[in-house]
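Asks: Predicted model, plus sequence, below.
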Amino acid sequence: MNEIELKARVSDRKKLTDTLNSFACFKGSLVRDDRYFAKKNEDGTFSKKKIRIRTQTENDKKTFILTWKRKELQQDSNGTQIEVNDEHECILSDDDCLVTFLEDTGYSVALKKHKEVSLWTYEEASFELCTVPPLGDFLEIEILTDSDSPEKIAEIKEKLGLLLLKAGLSASDIEPRMYSQMLEEVKGL
């Protein structure tokens, strides 16, 4: 499954929420706590290839999700950075066995991320208004597709740009960096 995603910084959460409520269907709120496991390189840094274990809490129910992504940042015709990910996920009954296996085979937690998410849908797109401490608020707009044709991906990228405008944000609000990169930069301060 290909996940085509655009992420933008949000300066006025209330205004964005009102705008989303005017055209999209609110689906609820949840919390995502992600742990990214990786092996260390010879120089002590972590490998860029990471396995994510997500603990998702919704209405006091926890779900454990294992994710592997092949991430790629692509530019659309306007120069806007959009993520195009080949994403593979599965639900785990719990995470203990996998965490133990990863640790026993040389993996350790390279990064943790906490996200508080409010979710809306509109047509085939999902809108996630996320608070990611200490980075702030972001809007993620995502469309999933089985197709990996360049034409289909270009069509979806264009649609994401239009949906961003519909949400009341502009191309100047787009955040081209991945959360992991921003969190690493904050850790480095």
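Replies: Good, I have the coordinates.
Asks: For the top helix by length along the chain, enumerate the helices and strands it packs against.
Replies: Counting by DSSP state H, the longest helix found in the chain is helix 150-166. Contacts defined by 3 or more C-beta pairs under 8 Å, 6 or more residues apart in numbering; DSSP states H and E place helix 150-166 against strand 2-9, strand 81-92, strand 125-132, strand 136-145. In short, each C-beta sits where N, CA and C put it, glycine included.
Asks: Swap in 6 Å and give it another go.
Replies: strand 136-145 (3 or more C-beta pairs under 6 Å, 6 or more residues apart in numbering; DSSP states H and E).
Asks: And what about the residue with the largest distance to the centre of the chain, helix, strand or coil?
Replies: Relative to the C-alpha centroid of the chain, counting by C-alpha atoms, centre = their mean, residue 42 is the outermost residue, at 28.8 Å. The local conformation at residue 42, judged by DSSP: H, G, I helix; E, B strand; the rest coil, is coil.
Asks: Residue 129 contacts residue 118, doesn't it?
Replies: Yes: the criterion here is C-beta atoms under 6 Å, and residue 129 meets it with residue 118 at 4.5 Å.
Asks: Could you pull up phi and psi at the nearest residue to residue 186 once chain neighbours are set aside?
Replies: Computed as C-beta to C-beta, 6 or more residues apart in numbering, the closest residue to residue 186 that is not its neighbour in sequence is residue 134, at 6.1 Å. Backbone torsions for residue 134, taken as degrees, to the nearest 10, come to phi -90, psi 20.
Asks: Quick one, grab the pLDDT at residue 134.
Replies: For residue 134, the pLDDT comes out at 95.
Asks: since we're on it, how many residues are nearby?
Replies: 8 (other C-beta atoms under 10 Å).
Asks: which sections of this structure are below the confidence cut-off?
Replies: Low-confidence segments of the chain, defined by pLDDT under 70: 71-81, 83, 85, 188-189.
Asks: Go ahead and flag the most central residue of it.
Replies: residue 140 (7.0 Å).
Asks: Can you name the residues bridging to the closest residue to that one other than its chain neighbours?
Replies: Nearest residue to residue 140, sequence neighbours excluded (C-beta to C-beta, 6+ apart): residue 128, at 4.4 Å. Beta-bridge partners recorded for residue 128 (DSSP bridges): residue 119, residue 140.
Asks: Please look at residue 128 and residue 139 and confirm they touch.
Replies: No: using C-beta under 6 Å, residue 128 is not in contact with residue 139, being 7.2 Å away.
Asks: More neighbours: which of the two?
Replies: Ranked by neighbour count (other C-beta under 10 Å), residue 128 and residue 139 place residue 139 first, with 27 against 19.
Asks: quick one: the more buried one from residue 12, how far?
Replies: 11 Å (C-beta to C-beta, to the nearest Å).
Asks: cool, and residue 97?
Replies: 44 Å.
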